[in-house]
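Enquirer: Requesting a structural model of the entry that follows:
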Amino acid sequence: MCRQWLRFLFVLALFGMPAWTLAQTAAMAPAANAPASQAQIAALQQAVAQAQMSGDNAWMLVSAALVLLMTAPGLTLFYGGLVRRKNILGTMMQSFAMMALITVLWAVVGYSLAFGHGNGFLGGFEHLFLRGVTLAPNPAYAATIPEQTFMVYQLMFAIITPALITGAFAERVKFSSMAVFLTLWSLVVYCPMAHMVWGVGGLLNFNTPGAHWPVLDFAGGTVVHITSGVSALVCALYLGKRLGYPEENMAPHSLVLSFIGAGLLWFGWFGFNAGSALSAGPLATSAFVNTHFAAAAAAITWTAAEWVLNGKPTALGAISGAVAGLATITQASGFVQPMSALLIGAIAGLVCCLMVLKIKKIFGYDDSLDAFGVHGMGGTIGALLTGLFASGAINAVFGKGTDGLPHPAGAIDGNWRQVWNQAVGVGLGWALAIAGTLVLLFLVDRTMGLRVPATDEVEGLDLSQHGEEGYDLNG
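Expert: As a prediction, this is how the structure comes out:
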């Protein structure tokens, strides 16, 4: 009996004392560990914020690369295949030159004029030579990525916009004059339009307090496609037709190249539109889905319309329709529902097809690669359809009410005034593009001359402007 009690006391001492000690420690722990818990919470919050910044920054750098891919090789191959064989290098060089020229211009002054603090029409000079553009975020534009990331992402838009114009005057403009004209155009037309729509205090920026005409332009329908497309039409009218147009056959020399270019454009456009969410969140998903849906719908309706009008569905029509859908959905991509995106794409394919196959012939202008018919018209109808189909459920762009529900964004939500706001943005984009382009064309033409001599045009831009050929057929 005595042994049993001794055994019981031994077990109690062995297991009971540590448990009692732990209980006492736990009782005293809250007071001792309270400051540590607060520090841990703060460290956890900081880690979450850093993880979000890393994720958003990674997506935005990839998106910037995708948009650059749209210019080269995307646009260079797309445009290069559409011209005659003797002009392929000259055409590709025009887009490639923008990658170099606009990059330097953007670093020196372009970014400041587009996104610096200024007035309602143009930014100031605070970021001249990228002064103050650091690796810290600029909350006025994107709170979770470095401002340098935002700057370089916007640079890719500034590069491709003037490159789109080259499709209108392909095969007949001097390389030197093209370089000067488009460099000046970027300062006179692109930067002011980018500031008005996206810049701090911009006249059309929906974030500007008291803005009378807040324009919804998610990824550049007004800033990119209207300005470039309308300017392209002005260039085509000012320069006149190519020698032999329309009697001479000027069919694309390689639709294979254009097909590859169109595929790269479609691929890169996900960075163009989904990247404009400026984060890797659900809004990027919405823009991604809408971009793909609109391109597919437009490719189908353009092909169907061409089939009915000309009796055959062509490869050129299919890829042109896809690009038209991409251009048209750009403005709406972050504001509309997927089914609205399908409808917008379908409308784009029909309208742009009629512009290229019928309206251009009626008026007789020589828009070599249909920059106006696809981008100018696509951007215009896309802007108006954005006002019609924008949904607060997708993007509560005008905030939320006290009930937590988003304020109406577009006409389908009950905000019919937004269609008028979009029309004002379209009107200003057209006016600025027409006036700025005409003035610059006149100045460059008077000082340098725009068109190549007739003998050079017959010989081709590859040899006359660059002294080389795209294809060595005798090699």
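Enquirer: gap between the spatially closest residue to H466 that is not a sequence neighbour and N421?
Expert: Nearest residue to H466 in three dimensions, chain neighbours excluded: L89, at 5.8 Å (Cβ to Cβ, 6 or more residues apart in numbering). Glycine gets a C-beta too; all of them are placed from N, C-alpha and C. In this view, L89 and N421 are 44 Å apart by Cβ to Cβ, to the nearest Å.
Enquirer: follow-up on the earlier one: okay, and the residue nearest to H466 sits in which element?
Expert: Here L89 sits within helix 88-105, counting by DSSP states H and E.
Enquirer: Report all helices and strands that that helix contacts.
Expert: helix 76-82, helix 147-165, helix 175-185, helix 461-466 (3 or more Cβ pairs under 8 Å, 6 or more residues apart in numbering; DSSP states H and E).
Enquirer: Near F267, how many other residues are there?
Expert: 13 (other Cβ atoms under 10 Å).
Enquirer: Need the mean per-residue confidence for the helix or strand harbouring it.
Expert: Element membership of F267 [criterion: DSSP H and E] is helix 255-273. The average of the pLDDT scores along helix 255-273 is 98.
Enquirer: Could you list the buried residues of that helix?
Expert: Neighbour counts using 16 or more other Cβ atoms under 10 Å place 255, 257-262, 264-266, 268-273 of helix 255-273 among the buried residues.
Enquirer: now what about stretch 355-370, what contacts it?
Expert: 79, 82-83, 167-172, 232-233, 236-237, 240-242, 245-246, 305-306, 309-310, 320, 372-374, 377 (Cβ atoms under 8 Å, 6 or more residues apart in numbering).
Enquirer: residue contacts, the residue nearest to the spatial centre of the chain?
Expert: Centroid-nearest residue in the chain, with Cα atoms, centre = their mean: F272, separated by 3.8 Å. Counting by Cβ under 8 Å, 6+ apart, F272 touches 63, 66-67, 70, 157, 219-220, 291, 326, 330.
Enquirer: and if you look at I165?
Expert: Counting by Cβ under 8 Å, 6+ apart, I165 makes contact with 182, 185, 228, 231-232, 235, 371.
Enquirer: pLDDT weak spots in the stretch 251-400 of the chain?
Expert: By pLDDT under 70, the stretch 251-400 of the chain has no low-scoring segment.
Enquirer: Using CSV, list the CA coordinates for stretch 341-354.
Expert: Extracted as CSV, the C-alpha positions of stretch 341-354 are listed here (Å, rounded to 0.1, in the frame of the first residue of the first chain):
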residue,chain,number,x,y,z
ALA,A,341,-17.9,42.8,-75.1
LEU,A,342,-19.1,40.2,-77.6
LEU,A,343,-21.7,42.6,-78.9
ILE,A,344,-19.2,45.5,-79.2
GLY,A,345,-16.8,43.2,-81.1
ALA,A,346,-19.6,42.1,-83.5
ILE,A,347,-20.6,45.7,-84.2
ALA,A,348,-16.9,46.6,-84.8
GLY,A,349,-16.4,43.8,-87.3
LEU,A,350,-19.4,44.9,-89.4
VAL,A,351,-18.8,48.7,-89.2
CYS,A,352,-15.0,48.5,-89.9
CYS,A,353,-15.5,46.0,-92.7
LEU,A,354,-18.0,48.4,-94.4
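Enquirer: Show me what counts as buried in it.
Expert: Here stretch 341-354 shows 341-354 as buried, counting by 16+ other Cβ under 10 Å.
Enquirer: got it, and stretch 374-393?
Expert: Here stretch 374-393 shows 374-392 as buried, counting by 16+ other Cβ under 10 Å.
Enquirer: and what of stretch 425-437?
Expert: Neighbour-count burial for stretch 425-437 [16+ other Cβ under 10 Å]: 425-426, 428-430, 432-433, 436-437.
Enquirer: same check, this time on stretch 145-163
Expert: In stretch 145-163, counting by 16+ other Cβ under 10 Å, buried: 145-163.
Enquirer: hmm, back to that, just the buried ones out of the contacts of stretch 355-370, please.
Expert: Buried among the contacts of stretch 355-370 (16+ other Cβ under 10 Å): 79, 82-83, 167-172, 232-233, 236-237, 242, 305-306, 320, 372-374, 377.
Enquirer: What about the residues you listed, which are in helices?
Expert: 79, 82, 232-233, 236-237, 305-306, 320, 377 (DSSP state H).
Enquirer: so can I have CSV of those showing distance to A100?
Expert: Listed next are these as CSV, based on distance: Cβ to Cβ, whole Å:
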residue, distance to A100
Y79, 17
L82, 23
A232, 21
L233, 26
A236, 25
L237, 29
A305, 39
E306, 37
S320, 28
M377, 30
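Enquirer: Would you mind giving the helices and strands packed on helix 88-105 as CSV with mean pLDDT and distance to V452 added?
Expert: Conversion of the helices and strands packed on helix 88-105 to CSV gives the following (pLDDT from 0 to 100; distance: least, Cβ to Cβ, whole Å):
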stretch, mean pLDDT, distance to V452
helix 76-82, 98, 17
helix 147-165, 98, 17
helix 175-185, 98, 9
helix 461-466, 97, 6
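Enquirer: quick one: which of these is nearest D56?
Expert: D56 sits nearest to helix 147-165 of all the helices and strands packed on helix 88-105, at 8.7 Å, using Cβ to Cβ.
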